[in-house]
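A.B. asks: What follows is a predicted protein model with its sequence.
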Amino acid sequence: MPPKKIKRAKIVAGNWKMNGNKAFVADYQEAFETYIAQKGLGALQGVDIILIPPYVLLPFVGEIALKTEALSLQVGAQNVSGFDDGAYTGEVSAKMLKDMACEWCLVGHSERRSLFAEIESDIVNKIRRLLDVGLKPVLCLGETGEQRDEAMTESVVAAQLKSVLDAFDEQELSKLILAYEPVWAIGTGKTASPEQAQDVHRFIRGVLATKSERLADNMPILYGGSVTAENAQQLFEQEDIDGALVGGASLKVENFVAICVQCAGSC
Ligand code: PGA
(Lines give C-alpha, C1' and ligand atoms only; values in the text may rest on other atoms or scores of the structure.)
Protein backbone atom coordinates (compact mmCIF):
# COMPACT_ATOMS: atom_id res chain seq x y z
CA MET A 1 0.00 0.00 0.00
CA PRO A 2 1.60 3.36 -0.98
CA PRO A 3 1.89 5.74 1.98
CA LYS A 4 -0.51 8.68 1.93
CA LYS A 5 1.36 11.84 1.09
CA ILE A 6 -0.52 14.08 3.47
CA LYS A 7 -1.69 13.19 6.97
CA ARG A 8 -5.32 14.03 7.43
CA ALA A 9 -7.79 13.01 10.16
CA LYS A 10 -9.16 9.49 9.67
CA ILE A 11 -12.88 9.39 10.27
CA VAL A 12 -15.60 6.75 10.25
CA ALA A 13 -19.14 8.05 10.67
CA GLY A 14 -22.17 5.83 11.18
CA ASN A 15 -25.41 7.26 9.79
CA TRP A 16 -28.20 5.28 11.42
CA LYS A 17 -30.84 7.10 9.33
CA MET A 18 -34.33 6.53 10.80
CA ASN A 19 -33.30 3.37 12.67
CA GLY A 20 -32.42 2.41 16.22
CA ASN A 21 -33.80 2.73 19.73
CA LYS A 22 -32.44 2.93 23.27
CA ALA A 23 -31.67 -0.81 23.35
CA PHE A 24 -29.63 -0.45 20.15
CA VAL A 25 -27.60 2.35 21.74
CA ALA A 26 -26.84 0.02 24.65
CA ASP A 27 -25.74 -2.69 22.16
CA TYR A 28 -23.37 -0.20 20.59
CA GLN A 29 -21.78 0.65 23.88
CA GLU A 30 -21.43 -3.02 24.77
CA ALA A 31 -19.84 -3.88 21.41
CA PHE A 32 -17.18 -1.20 21.77
CA GLU A 33 -16.52 -2.11 25.40
CA THR A 34 -16.26 -5.82 24.56
CA TYR A 35 -13.90 -5.13 21.68
CA ILE A 36 -11.65 -2.98 23.88
CA ALA A 37 -11.75 -5.50 26.76
CA GLN A 38 -10.75 -8.36 24.43
CA LYS A 39 -8.35 -6.70 22.03
CA GLY A 40 -7.32 -3.45 23.73
CA LEU A 41 -7.72 0.06 22.51
CA GLY A 42 -4.71 0.05 20.19
CA ALA A 43 -6.44 -0.99 16.95
CA LEU A 44 -9.03 1.75 17.37
CA GLN A 45 -6.60 4.52 18.11
CA GLY A 46 -6.11 7.21 15.53
CA VAL A 47 -9.60 7.04 14.04
CA ASP A 48 -12.31 9.54 14.92
CA ILE A 49 -15.64 7.77 15.20
CA ILE A 50 -18.82 9.76 14.74
CA LEU A 51 -22.17 8.21 15.60
CA ILE A 52 -25.11 9.86 13.83
CA PRO A 53 -28.40 8.62 15.31
CA PRO A 54 -31.89 10.09 14.89
CA TYR A 55 -32.45 13.25 16.98
CA VAL A 56 -34.29 11.54 19.84
CA LEU A 57 -31.35 9.22 20.53
CA LEU A 58 -28.70 11.95 20.61
CA PRO A 59 -28.56 12.28 24.42
CA PHE A 60 -28.21 8.51 24.85
CA VAL A 61 -25.44 8.28 22.26
CA GLY A 62 -23.81 11.25 23.99
CA GLU A 63 -23.62 9.11 27.14
CA ILE A 64 -21.70 6.36 25.30
CA ALA A 65 -19.29 8.98 24.05
CA LEU A 66 -18.65 10.06 27.65
CA LYS A 67 -18.36 6.51 28.99
CA THR A 68 -15.92 5.35 26.34
CA GLU A 69 -13.73 8.38 26.92
CA ALA A 70 -10.54 6.60 25.86
CA LEU A 71 -11.97 6.33 22.32
CA SER A 72 -12.40 9.31 20.05
CA LEU A 73 -16.15 8.84 19.83
CA GLN A 74 -18.21 11.86 18.86
CA VAL A 75 -21.85 12.58 18.23
CA GLY A 76 -23.43 13.91 15.05
CA ALA A 77 -26.94 14.81 13.91
CA GLN A 78 -28.54 13.89 10.58
CA ASN A 79 -30.14 17.26 9.96
CA VAL A 80 -30.52 20.78 11.33
CA SER A 81 -32.97 23.57 10.78
CA GLY A 82 -31.97 26.41 8.47
CA PHE A 83 -33.66 28.75 10.98
CA ASP A 84 -32.66 30.05 14.37
CA ASP A 85 -34.80 29.18 17.42
CA GLY A 86 -38.41 30.31 17.11
CA ALA A 87 -41.86 29.36 15.86
CA TYR A 88 -40.87 26.54 13.50
CA THR A 89 -42.87 23.53 14.65
CA GLY A 90 -40.99 20.28 14.19
CA GLU A 91 -37.59 21.85 13.57
CA VAL A 92 -34.41 21.44 15.61
CA SER A 93 -31.89 24.28 15.73
CA ALA A 94 -28.12 24.16 15.65
CA LYS A 95 -28.06 25.63 19.18
CA MET A 96 -30.19 22.71 20.44
CA LEU A 97 -27.83 20.21 18.83
CA LYS A 98 -24.90 21.88 20.51
CA ASP A 99 -26.74 21.66 23.83
CA MET A 100 -27.02 17.88 23.27
CA ALA A 101 -23.19 17.64 23.02
CA CYS A 102 -23.39 17.17 19.27
CA GLU A 103 -20.23 18.15 17.42
CA TRP A 104 -21.12 17.27 13.83
CA CYS A 105 -24.10 17.40 11.50
CA LEU A 106 -24.76 15.91 8.06
CA VAL A 107 -25.76 18.43 5.41
CA GLY A 108 -26.82 17.78 1.83
CA HIS A 109 -27.32 14.02 2.22
CA SER A 110 -28.86 12.71 -0.99
CA GLU A 111 -31.96 11.52 0.89
CA ARG A 112 -32.51 15.09 2.12
CA ARG A 113 -31.94 16.43 -1.38
CA SER A 114 -34.23 13.95 -3.14
CA LEU A 115 -36.93 13.06 -0.58
CA PHE A 116 -37.17 16.43 1.18
CA ALA A 117 -36.40 18.69 -1.79
CA GLU A 118 -33.42 20.42 -0.17
CA ILE A 119 -31.64 22.72 -2.56
CA GLU A 120 -28.29 24.47 -2.51
CA SER A 121 -29.61 27.55 -0.70
CA ASP A 122 -31.04 25.35 2.11
CA ILE A 123 -27.69 23.63 2.40
CA VAL A 124 -25.82 26.92 2.64
CA ASN A 125 -28.28 28.16 5.32
CA LYS A 126 -27.84 25.03 7.37
CA ILE A 127 -24.05 25.23 7.17
CA ARG A 128 -24.25 28.88 8.28
CA ARG A 129 -26.35 27.94 11.33
CA LEU A 130 -23.97 25.14 12.28
CA LEU A 131 -20.84 27.28 11.94
CA ASP A 132 -22.47 30.07 13.96
CA VAL A 133 -22.60 27.80 17.01
CA GLY A 134 -19.33 25.97 16.38
CA LEU A 135 -20.69 22.68 14.99
CA LYS A 136 -18.85 20.95 12.16
CA PRO A 137 -20.78 20.19 8.96
CA VAL A 138 -20.30 16.95 7.01
CA LEU A 139 -21.23 18.04 3.49
CA CYS A 140 -22.43 15.17 1.27
CA LEU A 141 -21.95 15.27 -2.50
CA GLY A 142 -22.74 12.78 -5.20
CA GLU A 143 -24.24 12.03 -8.58
CA THR A 144 -27.18 9.80 -9.49
CA GLY A 145 -26.78 6.69 -11.64
CA GLU A 146 -28.22 8.49 -14.69
CA GLN A 147 -25.82 11.39 -14.20
CA ARG A 148 -22.87 8.97 -14.05
CA ASP A 149 -24.10 7.20 -17.21
CA GLU A 150 -24.21 10.57 -18.96
CA ALA A 151 -20.64 11.34 -17.83
CA MET A 152 -21.91 14.16 -15.59
CA THR A 153 -20.31 12.99 -12.34
CA GLU A 154 -17.69 15.75 -12.25
CA SER A 155 -20.00 18.57 -13.28
CA VAL A 156 -22.65 17.56 -10.72
CA VAL A 157 -20.21 17.17 -7.84
CA ALA A 158 -18.38 20.39 -8.75
CA ALA A 159 -21.64 22.38 -8.83
CA GLN A 160 -22.73 20.98 -5.45
CA LEU A 161 -19.36 21.85 -3.93
CA LYS A 162 -18.97 25.25 -5.58
CA SER A 163 -22.24 26.59 -4.21
CA VAL A 164 -20.79 26.03 -0.74
CA LEU A 165 -17.24 27.18 -1.57
CA ASP A 166 -18.65 30.45 -2.91
CA ALA A 167 -20.71 31.11 0.24
CA PHE A 168 -17.98 30.77 2.89
CA ASP A 169 -14.41 31.92 3.45
CA GLU A 170 -11.43 29.65 3.88
CA GLN A 171 -11.47 29.86 7.65
CA GLU A 172 -15.14 28.79 7.74
CA LEU A 173 -14.62 26.06 5.17
CA SER A 174 -11.76 24.61 7.21
CA LYS A 175 -14.40 23.39 9.72
CA LEU A 176 -16.13 21.19 7.13
CA ILE A 177 -15.48 17.67 6.06
CA LEU A 178 -16.84 16.17 2.85
CA ALA A 179 -18.47 12.86 2.04
CA TYR A 180 -18.56 11.69 -1.56
CA GLU A 181 -21.62 9.48 -1.78
CA PRO A 182 -22.64 8.38 -5.26
CA VAL A 183 -26.42 8.16 -5.04
CA TRP A 184 -26.45 4.92 -7.06
CA ALA A 185 -24.29 3.29 -4.37
CA ILE A 186 -26.34 4.33 -1.33
CA GLY A 187 -28.23 1.42 0.20
CA THR A 188 -27.97 -0.58 -3.04
CA GLY A 189 -25.05 -2.89 -2.26
CA LYS A 190 -23.33 -1.46 -5.39
CA THR A 191 -20.21 0.15 -3.94
CA ALA A 192 -18.11 2.36 -6.18
CA SER A 193 -14.90 0.53 -7.02
CA PRO A 194 -11.87 1.86 -5.13
CA GLU A 195 -10.63 3.38 -8.42
CA GLN A 196 -13.97 5.05 -9.20
CA ALA A 197 -14.12 6.51 -5.71
CA GLN A 198 -10.47 7.63 -5.77
CA ASP A 199 -10.97 9.37 -9.14
CA VAL A 200 -13.84 11.45 -7.78
CA HIS A 201 -12.06 12.16 -4.48
CA ARG A 202 -9.04 13.43 -6.41
CA PHE A 203 -11.33 15.54 -8.61
CA ILE A 204 -12.98 17.01 -5.49
CA ARG A 205 -9.55 17.96 -4.11
CA GLY A 206 -8.89 19.76 -7.39
CA VAL A 207 -12.12 21.76 -7.00
CA LEU A 208 -11.16 22.61 -3.40
CA ALA A 209 -7.76 23.78 -4.65
CA THR A 210 -9.46 26.42 -6.80
CA LYS A 211 -10.44 28.02 -3.47
CA SER A 212 -7.33 27.15 -1.48
CA GLU A 213 -4.48 24.62 -1.78
CA ARG A 214 -4.43 24.35 2.01
CA LEU A 215 -8.10 23.34 2.12
CA ALA A 216 -7.50 20.82 -0.66
CA ASP A 217 -4.62 19.24 1.25
CA ASN A 218 -6.23 19.19 4.67
CA MET A 219 -9.93 18.53 4.22
CA PRO A 220 -10.89 14.92 5.02
CA ILE A 221 -13.05 13.38 2.29
CA LEU A 222 -15.04 10.31 3.33
CA TYR A 223 -16.49 7.81 0.89
CA GLY A 224 -20.08 6.64 1.43
CA GLY A 225 -22.29 4.18 -0.43
CA SER A 226 -22.64 0.51 0.57
CA VAL A 227 -19.42 0.46 2.60
CA THR A 228 -19.11 -2.84 4.47
CA ALA A 229 -16.50 -4.60 6.58
CA GLU A 230 -15.67 -6.56 3.39
CA ASN A 231 -14.97 -3.67 1.01
CA ALA A 232 -13.78 -0.91 3.36
CA GLN A 233 -10.10 -1.83 3.44
CA GLN A 234 -9.55 -1.38 -0.30
CA LEU A 235 -11.35 1.95 -0.26
CA PHE A 236 -9.26 3.15 2.69
CA GLU A 237 -6.06 2.32 0.83
CA GLN A 238 -6.80 4.98 -1.80
CA GLU A 239 -4.72 8.12 -1.52
CA ASP A 240 -7.58 10.61 -1.29
CA ILE A 241 -10.03 8.59 0.81
CA ASP A 242 -9.82 9.54 4.48
CA GLY A 243 -12.59 7.43 5.93
CA ALA A 244 -16.19 6.36 5.41
CA LEU A 245 -19.75 7.46 5.95
CA VAL A 246 -21.49 4.18 6.67
CA GLY A 247 -25.27 3.69 6.52
CA GLY A 248 -26.59 0.10 6.48
CA ALA A 249 -23.43 -1.50 7.88
CA SER A 250 -23.50 0.85 10.87
CA LEU A 251 -26.66 -0.96 12.00
CA LYS A 252 -24.61 -4.12 12.62
CA VAL A 253 -22.38 -3.05 15.46
CA GLU A 254 -19.66 -5.66 14.93
CA ASN A 255 -19.35 -4.66 11.25
CA PHE A 256 -19.12 -1.01 12.18
CA VAL A 257 -16.38 -1.69 14.74
CA ALA A 258 -14.50 -3.73 12.10
CA ILE A 259 -14.71 -0.81 9.63
CA CYS A 260 -13.36 1.57 12.32
CA VAL A 261 -10.44 -0.80 13.00
CA GLN A 262 -9.64 -0.99 9.25
CA CYS A 263 -9.69 2.78 8.92
CA ALA A 264 -7.42 3.23 11.94
CA GLY A 265 -4.98 0.81 10.30
CA SER A 266 -5.00 2.06 6.74
CA CYS A 267 -6.71 5.36 5.95
P1 PGA B 1 -25.28 2.96 2.89
O2 PGA B 1 -25.65 4.48 3.23
O3 PGA B 1 -23.96 2.68 3.59
O4 PGA B 1 -26.42 2.16 3.46
O5 PGA B 1 -25.17 2.86 1.42
C6 PGA B 1 -24.68 5.50 3.23
C7 PGA B 1 -25.32 6.82 3.53
O8 PGA B 1 -26.45 7.07 3.10
O9 PGA B 1 -24.72 7.68 4.22
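C.D. replies: Looks like it arrived, so ask away.

A.B. asks: Please tell me I have it right and residue 167 contacts residue 125.
C.D. replies: No: the criterion here is C-beta atoms under 8 Å, and residue 167 misses it with residue 125 at 9.3 Å. C-betas here are computed from N, CA, C, even on glycine.

A.B. asks: buried ones in stretch 104-116?
C.D. replies: 104, 105, 106, 107, 108, 109, 110, 111, 112, 113 (16 or more other C-beta atoms under 10 Å).

A.B. asks: so which of these comes closest to residue 51?
C.D. replies: Closest approach to residue 51 among the buried residues of stretch 104-116 (C-beta to C-beta): residue 104, at 9.5 Å.

A.B. asks: And for the closest one, nearest residue in space, chain neighbours not counted?
C.D. replies: residue 76 (3.4 Å; C-beta to C-beta, 6 or more residues apart in numbering).

A.B. asks: contacting residues for the one you found?
C.D. replies: By C-beta atoms under 8 Å, 6 or more residues apart in numbering, the residues touching residue 76 are 13, 50, 51, 52, 102, 103, 104, 105, 106, 138.

A.B. asks: Which ones among the residues you listed map onto helices?
C.D. replies: In helices, judged by DSSP state H, none of the contacts of residue 76 are found.

A.B. asks: of the residues you listed, closest to residue 249?
C.D. replies: residue 13 (11.7 Å).

A.B. asks: partner residues bridging the closest one?
C.D. replies: Here residue 13 sits in beta bridges with residue 50, residue 245, as judged by DSSP bridges.

A.B. asks: State the number of residues packed around it.
C.D. replies: When counting by other C-beta atoms under 10 Å, one arrives at 24 neighbours for residue 13.

A.B. asks: so what pLDDT did the residue in the chain positioned nearest to the ligand get?
C.D. replies: Closest residue of the chain to the ligand, C-beta to the nearest ligand atom: residue 247 (2.2 Å). Residue 247 is assigned a pLDDT of 98 by the prediction.

A.B. asks: Ok, the one 3 residues further on next?
C.D. replies: The per-residue pLDDT reported for residue 250 equals 97.

A.B. asks: Run through the residues that contact the spatially closest residue to it that is not a sequence neighbour.
C.D. replies: Spatial nearest neighbour of residue 250, chain neighbours left out: residue 14 (3.1 Å); criterion: C-beta to C-beta, 6+ apart. By C-beta under 8 Å, 6+ apart, the contact list for residue 14 reads 49, 50, 51, 52, 246, 250, 256.

A.B. asks: Am I right that the fourth one is in contact with residue 77?
C.D. replies: By that I understand residue 52. Yes: using C-beta under 8 Å, residue 52 and residue 77 qualify as a contacting pair, with a distance of 6.8 Å.

A.B. asks: Quickly list what's touching both of these two.
C.D. replies: Joint contacts of residue 52 and residue 77 (C-beta under 8 Å, 6+ apart) are 104, 106.

A.B. asks: For the two, work out which one has more neighbours and name it.
C.D. replies: It is residue 52, of residue 52 and residue 77, that has more neighbours when counted by other C-beta under 10 Å, with 28 against 25.

A.B. asks: same question for stretch 200-207, mean pLDDT?
C.D. replies: In the prediction, stretch 200-207 has an average pLDDT of 98.

A.B. asks: For it, buried residues please.
C.D. replies: Residues 200, 201, 203, 204, 205, 207 are the ones in stretch 200-207 that count as buried (16+ other C-beta under 10 Å).

A.B. asks: Which residues does that stretch contact?
C.D. replies: With contacts defined as C-beta under 8 Å, 6+ apart, stretch 200-207 is touched by 141, 153-154, 157-158, 161-162, 165, 178, 180, 182, 192, 216-217, 219, 221, 223, 238-241.
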